[in-house]
Structures are given as structure tokens and as C-alpha cells.
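Enquirer: Next comes the sequence, and after it the predicted model I'd like to discuss.
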Amino acid sequence: MPELDINNLPTTEEEIDFTDLEEKFSEKLLEETLDNVVLIDCLPIVDENKESKLFSLVKKITKNIGKILEDGIHMPKESVDGKSLSKGYAFVEFETPEQARNAVVTLNGYKLDKSHTLAVNLFMDVEKYSKVPETFTAPPKPDYTPKEHFKSWLLDEQARDQFCMHFDQDLSVNWNNRGSSYENIISRKSWTETYFQWSTFGLFLTTLHRQGAVLWGGPSFEKIVRFIHLNVKLIDFSPKENYLVTFSGDPINLEAVDAVLGFGNEHLNPFTDSDVGNNFCIWEIKTGRLLKTFPYTMKSDDTPVTKFSWPCFKWAPSENYIARMTPGSKISIYQVSDMSLLGKKSLQVPDIASFDWQPEDASKPKSKKQDILAYWIPEIDLQPGRIVIISVPDYNILRTKNVVGLKDITLHWHPTGQVLCARIQKYTKTKKSTFSVLEIFRLNAKDISSDIVEFKDNVVAFAWDPRSPSYKFAIIHVADPTPPKMTPAGMATTTVKSNVSFYHFVRTRTKISNKEEFVLLKTVDSKNITSINWSPKGRYVVLSTLRTTTAWGLEFWDTDAETQTSNKAITNESSIELLNSGEHYGVTDIEWDPTGRYVVTSASTWRHTMENGFAIWDFKGDQLSKNVIDRFKQILCRPRPPTLLTDAAKNKIRKNLEVYSKDFDEQDRIMESAASIEQLNKRRRMFSEWCSWRKRITAKIEELAKNLSISEYYIHQPDTIEHEIIEEIVEEVIEERVEYV
């Protein structure tokens with residue numbers, strides 16, 4: 001400030017010159033943030049002579065994490081008894097904030113020696129934690145709100161099932177009225193932003209949004225839980241519906257999640273610094289708790305694997321373990337209880353191509369001590385390919401099979417988990433063409449014996465009959481496995497001539513030996529079939545031509561049409577019978593309802609814009625209804641949880657079906673036509689409205705009665721109104737007949 005002139009004093013505050021004070025006491029703002037700085041605590045206390053050795057040690061343990069800047073280690077000191085000693089902590093400056101975050105994840109809890117375990121935090125977190133108030137204020141306790149019955153749809157008097165469909169911006173849940181019509185339960189506009197998905201047992205309807213995934217349930221489909229995962233693209237439920245896996249192409253960002261939650265709700269952010277940059281999340285459904293996040297797997301050149309098959313995280317049927325594969329390297333199996341690696345390390349499998357867990361029959365759960373998985377390794381140089389079956393958690397090898405001339409393998413577990421089919425594609429001797437071999441392992445056989453079924457052509461599709469006691473399966477095989485040309489939306493522009501064959505397992509016992517093998521039942525030649533869809537109850541199968549621009553055929557087959565020979569049922573070629581055939585123009589998707597009574601085919605606008613909508617068929621192939629809906633996208637039948645009935649109880653019901661048949665027949669007669677259904681629904685609605693009206697009027701009369709004296713009930717007004725009686729005669733012609741003579 002200039003010298004004060006008593007004769008020339010400033011008249012206002014604005015005229016005072018503070019430039020000298022501002023220059024003296026000003027603080028230069030940092031041009032860069034300190035996000036790349038970490039605080040390493042619990043370091044050994046050293047003097048100046050050992051300082052360089054400690055710096056070298058810090059650089060050594062951070063060598064694989066990131067590069068420390070030159071003079072990037074700052075260690076405060078203090079004077080103790082005339083000696084300059086370090087304070088046991090240091091500030092380390094990395095090149096990038098990502099390296100600093102990796103240092104926190106990797107080094108926090110790192111044991112330097114027996115006496116020193118490092119505590120590592122981001123420098124910017126110091127300010128955040130310093131603002132935490134010293135006195136704890138408990139958050140308000142939320143009021144308990146009882147939940148609706150999640151399985152209420154199973155109590156329907158007519159034993160109907162539900163389906164959900166997505167068209168335009170609407171999402172609606174409906175009752176399936178025996179296929180001929182449907183009754184809307186609830187509809188909401190913009191309920192989902194991309195697509196929807198039912199949970200494993202149908203308890204929850206999942207919708208996807210920019211903010212994350214939401215689970216809905218109960219009769220009114222109220223919100224059950226929300227999982228924050230910005231721009232979520234893919235989801236997958238665990239086998240017993242206890243956990244959920246979500247994926248987003250956008251790496252996790254704490255600030256972005258805080259912005260979505262809103263000011264004051266930052267404590268609801270489930271992610272921490274260790275989750276930043278990851279893409280996969282594993283959640284517990286009952287609590288909504290985040291269990292763990294994962295980044296992409298990395299290739300050998302340290303680039304992320306961004307193209308993968310879904311689900312890339314695979315659940316053991318017990319839900320004790322979840323695993324994922326690093327292609328060509330290893331299988332990482334995590335214990336769900338604490339999300340730690342099983343045995344604290346991954347299972348190293350060099351060159352691994354694929355793996356899959358042994359499933360468990362949901363209708364007959366068994367208490368297995370161990371889970372089982374199978375994986376395969378391609379043929380490399382002189383090393384043959386291998387199929388390996390191991391047990392978990394002991395990693396005991398149960399079966400190994402070498403394969404030569406290998407091109408590709410696809411693993412197909414039977415839904416009961418008792419049989420595994422390896423669909424092997426091999427090269428011919430000239431290596432100019434390929435052919436297929438099915439190697440079928442029976443896990444309940446001694447030493448897990450296998451059976452081989454060879455083909456001269458290529459098997460391009462395989463599907464087990466889920467309920468067949470003889471392990472029946474169907475395949476599609478073609479001469480040339482090259483797929484046809486596809487449109488950008490995934491529609492084939494041409495069809496491929498294909499054959500469909502049915503096989504089953506036969507055990508022949510003689511006095512000399514026992515013969516066990518998979519035998520051909522029937523082959524259907526020269527078809528355009530692209531898809532095999534078995535009924536969830538087995539026996540019936542739909543062979544269809546999906547997602548092509550030139551063919552849309554559907555064939556309904558019975559694979560257990562019994563033929564009688566000497567009053568004994570046998571299974572042979574004649575047991576495979578075509579029930580019906582039909583066509584759904586532009587069909588893109590097909591699925592069975594959980595009872596196996598109905599089949600739903602649909603044409604989605606995601607694939608094309610020609611006659612979008614859906615049709616419902618019965619298991620015999622009769623079309624019950626067809627609905628053309630503009631901008632129709634998706635339809636899914638609601639799954640059912642496993643039955644609680646024992647085999648004995650189910651057999652008892654089957655024996656007494658005739659007792660219930662009269663009631664069933666009566667219901668069938670009532671529900672035969674859509675008109676009768678609408679009339680019944682109208683009557684039920686009118687009766688319900690009348691009951692509600694009568695209840696209101698009765699309550700009103702009782703309220704008025706309380707305010708009136710008894711004598712007022714008997715006050716009558718004199719009848720002064722003149723009455724006129726009018727008679728009206730109505731003639732109705734019952735029948736009119738004209739005779740010509």
C-alpha cells in the first residue's frame with residue numbers, strides 16, 4: 001500500500017490500493033491436481049544414511065504398478081535426540097492418477113516385513129476424511145414396509161401363466177388365457193429403456209435403464225431393489241436366483257454415480273476407489289449389496305478382452321462358486337462367501353478355449369459335496385486337443401480325453417447333469433473339409449465312460465430332451481457348415497438345406513455281455529431347419545426356421561408316440577411323429593411356456609419391420625391366436641420355480657386325474673371361446689363393482705341410522721301423488737314358416 005497522504009485520503013473502500021498486500025499474501029493455485037499422489041504409511045523409520053535404500057525399496061515394489069516421477073518420493077522428517085529421522089510415512093508421486101489408484105489397490109495391506117504392513121491411500125482422500133465430523137450422527141431409521149407376495153401369480157384359480165411383452169415404448173404383463181386371448185395385468189410406458197428379462201424362477205421382472213437395473217415383483221409389480229450401474233447392457237441371474245451379474249461398457253466412475261444419486265445421497269454409492277475403472281459387478285439380490293467388481297480380462301499383450309460371449313461369469317449350480325476364463329491362460333474361481341480366489345490363486349490352464357459347469361436338476365436338487373466343471377484345450381502343434389472334467393474345490397481330474405485333428409468343440413451338458421456331450425468338429429485327412437463327432441460322457445457310469453457317434457457331415461446344432469430317461473437328443477447336420485450371409489440386423493438372406501436326426505441311449509443285455517450305445521431313431525432329410533426347441537417337460541419338440549428372409553416354417557414333433565407290439569410299448573423310428581406344421585411370417589424367436597402346453601413365436605422389430613407381433617400355439621401345433629403389433633420388440637413367458645411336490649405326490653395326482661377330470665372338463669367348456677372369457681371377466685368386474693357400491697351404501701345407511709331417533713323411522717308422508725297404470729303388450733315371433741304348395 002502506498003504511503004498515506006493525510007491530505008488525500010480515499011473516500012470509499014474501492015479507492016484503497018491493496019496491490020502490495022495481495023502480492024505479499026497471495027497463494028498460487030495449483031495448476032494440476034494431486035490425484036496422482038499416494039500416501040504410504042507404516043514405513044520403517046530410518047535416518048539419512050538409510051534413506052536411499054528405503055527409496056529403492058519403494059521403487060522396487062511399485063515397479064509393476066507404475067512409474068514414479070523423478071524426485072517423486074517425499075518423506076517428512078523430524079529431529080530426535082539430535083538425529084534426523086523419518087516419520088514413518090511418505091508421499092509418492094506417480095505419472096498418472098490410474099497408476100496411483102492401482103498402487104492403493106495393490107499395496108494397501110502389503111507386508112514389507114514381519115513388522116511393517118503398509119497402509120496406502122490416495123492423497124486427495126486425506127481432505128475428504130478430515131471433514132468427517134468427530135461425533136457420529138446415526139442416520140434416520142427407515143420405516144418397515146411389508147413386501148407383497150412374490151409368488152402370488154402361482155395362486156391363480158385358473159392356473160394360468162403370465163408373459164411380458166415389449167412394444168413401442170410400452171411394457172405389459174399379461175395372463176395367458178389358454179392361448180386364445182390374453183388379459184392385461186399391468187402396463188407402463190417407458191418401463192424399460194432397452195429390454196427386459198425375467199429372473200431364474202420368475203420372481204422378479206428386470207428392467208434396464210441408464211442409471212442401472214431395477215427388479216420388480218409382487219401382484220402390483222412394485223420396485224423391489226435397484227442396482228446402480230450406469231449404462232448397464234447385460235445381466236445374468238444365478239441358478240438359484242440369489243445373485244445378479246451386471247455389465248456396462250462404461251468403466252465405473254465415482255463422480256458420475258454421485259451425480260446420478262444426487263446431492264446428499266453420496267453415502268448410497270456402493271462403489272469405492274478400488275472399483276473405479278471396472279466393468280462387471282456382482283450383487284446380492286436380497287440385500288442389494290455389491291459383492292465385487294471386475295475389470296475386463298487381459299490378453300497376453302496387456303490389452304483388454306472387450307469381445308466375449310455372455311455370460312462370461314459362470315455359476316456353479318450350488319452357487320458356492322463363480323468362475324470366469326482368461327482366454328488361453330486360466331480359470332479364476334471365486335468363493336461367493338467372501339469373493340476371494342479359491343485357493344488364493346487361479347487354475348492355470350494354458351491355451352484353454354472354453355469351460356462350463358455341470359448343471360443340477362432343479363426339480364431334484366441333491367446335496368453334492370463337490371461341483372464339477374468341464375473344459376477343453378485346442379490342438380497346438382504336436383499336442384492333441386483335450387477334454388477335461390474336474391471336481392471343485394479339490395481340482396481332482398475325473399476324466400481326460402485326447403482329440404486329434406481338432407478344429408472346434410462345443411460342450412453340451414444334459415439339464416440333469418448326468419451326461420455331457422462334446423460336439424467335436426474335426427478336419428479330414430486332407431484338411432480341406434470338416435466333419436463332426438459326438439463324444440458323450442456318462443458321469444454316472446464307471447470311470448465316466450464315453451460313447452462316440454460319428455457323422456460324415458457337420459453337426460451345427462445340438463439339443464437334449466430335458467426329461468427323457470434315455471437321454472434323447474436332436475441334431476441339425478449339414479454338408480457345408482459355412483453360415484449364410486447375414487443382414488446387419490442378424491437375418492440370414494438365404495436358407496441352407498439341413499437334416500435333422502434323433503438319437504437315444506439304448507442298453508442291451510444278453511447272457512454274454514451288456515451293450516450300451518446311442519442309437520439313431522429317425523432322420524428327417526432336406527429341411528431348412530435352423531433351430532431345435534424342446535418342451536421343458538420333454539417329449540415334444542419344435543423344429544423351426546428362424547431369422548431368415550425367405551423361410552419361416554414351424555414343425556411340431558412328438559418323439560414318444562408309442563407303438564404297440566405284443567402289448568408292449570417300444571421306441572423306434574415310428575415313435576418320432578410329425579404332429580403339425582405351420583408358418584409364422586418373419587419369425588425371429590420361439591420359446592415354450594413353463595408348463596409345456598403352449599409355444600410362443602414372435603417377429604421382433606429389432607430384426608425387421610415386417611408384420612411384427614406374436615402368435616401362440618399349443619404343443620400339438622394348432623395356432624390358437626396371432627397378434628400383429630406395430631413396433632413389437634420382445635415377449636418372454638414367466639418362468640416357474642421348481643415344484644415342492646415329491647415324486648410320490650406327483651404319481652398320486654396322476655393316478656387320480658380322473659377324479660379331477662370333471663372339474664377340468666367344465667372349466668374347458670367355459671373357457672372355450674374368447675367371448676365367454678370376456679363375458680365372465682365383465683361379470684366379475686360388475687359383481688365386484690356392485691359389492692363395493694353395496695358396501696358403501698350399507699355403511700352410509702348405518703351412519704345415518706346412528707343420528708336418527710327411533711320415532712323418525714316411522715314418519716310417513718301422505719300419499720298425494722296420483723297413479724296411472726299403463727299396460728304394455730309385447731309380442732315376440734318365435735318362428736315364422738312359409739310353405740309353398
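Expert: Received the coordinates, thanks. Here the structure is a predicted model, which is why all the values come from computation and not from measurement.
Enquirer: Is Ser574 part of a helix or strand, or is it coil?
Expert: helix (DSSP: H, G, I helix; E, B strand; the rest coil).
Enquirer: so it touches Ala561, yeah?
Expert: Yes - Ser574 lies in contact with Ala561 (CB atoms under 8 Å); the separation is 7.2 Å. Heads up, the C-betas are built off the backbone N, CA and C, glycines and all.
Enquirer: quick one: Pro311 and Asp236 touch, right?
Expert: Yes - shown here, Pro311 and Asp236 form a contact pair, counting by CB under 8 Å, at 4.1 Å.
Enquirer: For the protein, which segments count as helices?
Expert: For the chain, the helices defined by DSSP state H cover 19-25, 51-61, 97-107, 123-130, 254-261, 647-655, 657-670, 674-706.
Enquirer: Of all those, which one is nearest Ala551?
Expert: helix 674-706 (30.7 Å; CB to CB).
Enquirer: buried set for the closest one?
Expert: Ile677 (16 or more other CB atoms under 10 Å).
Enquirer: Equivalent analysis for stretch 233-243, please.
Expert: Under 16+ other CB under 10 Å, the buried positions of stretch 233-243 are Leu234, Ile235, Asp236, Phe237, Ser238, Pro239, Lys240, Glu241, Tyr243.
Enquirer: quick revisit: need the residues touching each of Pro311 and Asp236.
Expert: Taking CB atoms under 8 Å, 6 or more residues apart in numbering as the contact rule, Pro311 and Asp236 both touch Val245.
Enquirer: Let me know the distance separating Val38 from Thr293.
Expert: 20 Å (CB to CB, to the nearest Å).
Enquirer: and of the helices of the chain, who's closest to Glu78?
Expert: That would be, of those and by CB to CB, helix 51-61, which comes in at 13.5 Å.
Enquirer: So which elements touch that closest one?
Expert: Packing partners of helix 51-61 (3 or more CB pairs under 8 Å, 6 or more residues apart in numbering; DSSP states H and E): strand 68-74.
Enquirer: can you rerun that using 6 Å?
Expert: Helix 51-61 is packed against no helix or strand, with contacts defined by 3 or more CB pairs under 6 Å, 6 or more residues apart in numbering; DSSP states H and E.
Enquirer: which other residues reach it?
Expert: Helix 51-61 is contacted from outside by Val46, Ile68, Ile73, using CB atoms under 6 Å, 6 or more residues apart in numbering.
Enquirer: List just the nearest of those to Leu155.
Expert: Among the contacts of helix 51-61, and counting by CB to CB, the member closest to Leu155 is Ile68, at 65.3 Å.
Enquirer: residues touching Ile282, list them.
Expert: Val245, Leu291, Lys292.
Enquirer: could you redo the contacts of helix 51-61 as CSV and give each row neighbour count, distance to Glu678 and pLDDT?
Expert: Shown next, in CSV, are those (neighbours: other CB atoms under 10 Å; distance: CB to CB, whole Å; pLDDT from 0 to 100):
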residue, neighbour count, distance to Glu678, pLDDT
Val46, 17, 87, 91
Ile68, 19, 76, 92
Ile73, 18, 80, 92
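Enquirer: partners of the residue nearest the centre of the chain in the sheet?
Expert: Centroid check for the chain by CA atoms, centre = their mean gives Asp236 as the closest residue, at 2.3 Å. Counting by DSSP bridges, Asp236 is bridged to Val245.
Enquirer: My read is that it contacts Cys312, right?
Expert: No - look at Asp236 against Cys312 with CB atoms under 6 Å: they stay out of range, at 8.9 Å.
Enquirer: Could you measure from the residue nearest to the centre of the chain over to Ala474?
Expert: Asp236 sits 26 Å away from Ala474, going by CB to CB.
Enquirer: Same check on Leu406?
Expert: 24 Å.
Enquirer: And for Val104?
Expert: 54 Å.
Enquirer: quick one, which of those two is more surrounded?
Expert: The neighbour comparison of Val104 against Ala474 (other CB atoms under 10 Å) goes to Ala474, with 25 against 21.
Enquirer: in the sheet, who's paired with that one?
Expert: As for beta bridges, Ala474 partners with Ala463, Phe502 under DSSP bridges.
Enquirer: before we move on, back to that, measure the residue nearest to the centre of the chain to Lys633 for me?
Expert: Asp236 is 20 Å from Lys633, where distance means CB to CB.
Enquirer: just checking, Tyr334 touches Arg324?
Expert: No - applying CB under 6 Å, one finds Tyr334 not in contact with Arg324, separated by 8.5 Å.
Enquirer: any weak-confidence spans in the stretch 451-600 of the chain?
Expert: Scanning the stretch 451-600 of the chain for pLDDT under 70 picks out 511, 563-571.
Enquirer: Quick one: the strands in it, in order.
Expert: 458-464, 473-478, 498-509, 514-527, 531-534, 540-544, 553-558, 563-565, 568-570, 577-583, 589-592, 598-603 (DSSP state E, counting those that start in this stretch).
Enquirer: Serialize those strands to CSV and add fields for distance to Lys485.
Expert: Listed next are these as CSV, based on distance: least, CB to CB, whole Å:
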stretch, distance to Lys485
strand 458-464, 16
strand 473-478, 15
strand 498-509, 17
strand 514-527, 20
strand 531-534, 18
strand 540-544, 20
strand 553-558, 20
strand 563-565, 43
strand 568-570, 45
strand 577-583, 23
strand 589-592, 21
strand 598-603, 20
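Enquirer: Nearest approach to Glu157 belongs to which of those strands?
Expert: That would be, of these and by CB to CB, strand 598-603, which comes in at 18.7 Å.
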